[in-house]
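[1] next comes the sequence, and after it the predicted model I'd like to discuss.
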Amino acid sequence: MSSTKKYFAEGLGTFALVLFGCGAAAVAGVSQTGPDGLGLLGISLAFGLAVAVMAYTIGPISGCHINPAISVAMLVAGKLSAKDTFGYIISQCIGAIGAAALLYMILCGGAGFEMPEWGLGSNGWGEGYLGEYNMTSALIAEFVFTFLFLMVIFGTTAKNASPAMAGLAIGLSLALIHMVVIPITGTSVNPARSLGPALFAGGMALEQLWLFIVAPIAGGVFAAVVRKLFIED
């Protein structure tokens, strides 16, 4: 598969992930638990199902990373070249920004719309953000759950694993992660997913963006090291 096709696939996949996942959070609202609101469970499933369907859609083309933390982890594990890692990350960020832009355009059509703090499903922490957890809790959660996410990915995509089930397992694991981490940080485990909404929301979302770049990448790299040293033959 040509690099151009792989990069396009990564951009498209990340676009879909952010549009479905952040769209569910921004349009339905994490605080809405009535008959017209998705609530925490619905938003968690939106992110998980988005990853699952894109895994089967673009997985044969690019491997469906749609997440810079995954691409960097694959680079460390020796499963992706430096050139493709750079191309994947750029494409993922472009896709995420494009989805956030489209979501912003859609929401602007709503009556009386004003961009709230941490709008468009942005990630964050601290006073005023969901459960109001502190920075330490946010850092630990993003690191640990990205580590576990990558362990699932490495395991389900190993040579002796069942490839037909990989997309479903990865999607379900992401949904489970969201069920726990949404009240803490809104759940990133994906720097591109955090970047897109933060650029349009501005304010605290943009100020706190660094954590959602550093912690997921560190968690992914740690998973690659652990997998290589203690699990793989």
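    That came in fine, so what should we check first?
[2] for stretch 176-189, which residues meet the burial criterion?
    176-179, 181-189 (16 or more other CB atoms under 10 Å). For glycine as for every other residue, the C-beta is placed from the backbone atoms N, C-alpha and C.
[3] buried set for stretch 46-63?
    46-55, 58-59, 61-63.
[4] in those residues, find the pair that's most separated.
    A46 and I61 (23.0 Å; CB to CB).
[5] would you quantify the distance from L17 to V152?
    Distance, L17 to V152, using CB to CB, to the nearest Å: 16 Å.
[6] and T85, by the same measure?
    For T85 relative to V152 (CB to CB), the value is 20 Å.
[7] over to A201?
    Where V152 is concerned, A201 sits at a distance of 29 Å (CB to CB).
[8] more neighbours: these two, which one.
    Set side by side, A201 and V152 show more neighbours around A201, with 24 against 18, by other CB atoms under 10 Å.
[9] now do the contacts for the more buried one.
    By CB atoms under 8 Å, 6 or more residues apart in numbering, A201 lies in contact with M115, P116, E117, W118, G119, L120, S122.
[10] what about the residue lying closest to T14 once chain neighbours are set aside, helix or strand, and which?
    Closest residue in space to T14, ignoring its immediate chain neighbours: G95 at 3.5 Å, by CB to CB, 6 or more residues apart in numbering. Taking DSSP states H and E as the criterion, G95 maps to helix 82-107.
[11] how distant is the helix or strand where I170 lies from the center of its chain?
    In the assignment (DSSP H and E), I170 maps to helix 163-185. Remark: helix 163-185 is offset 10 Å from the chain centroid, using CA atoms, centre = their mean, to the nearest Å.
[12] quick revisit: only the buried residues of the helix holding G95, if you could.
    Buried residues in helix 82-107, defined by neighbour count with 16+ other CB under 10 Å: 84-85, 87-89, 91-100, 103-104, 107.
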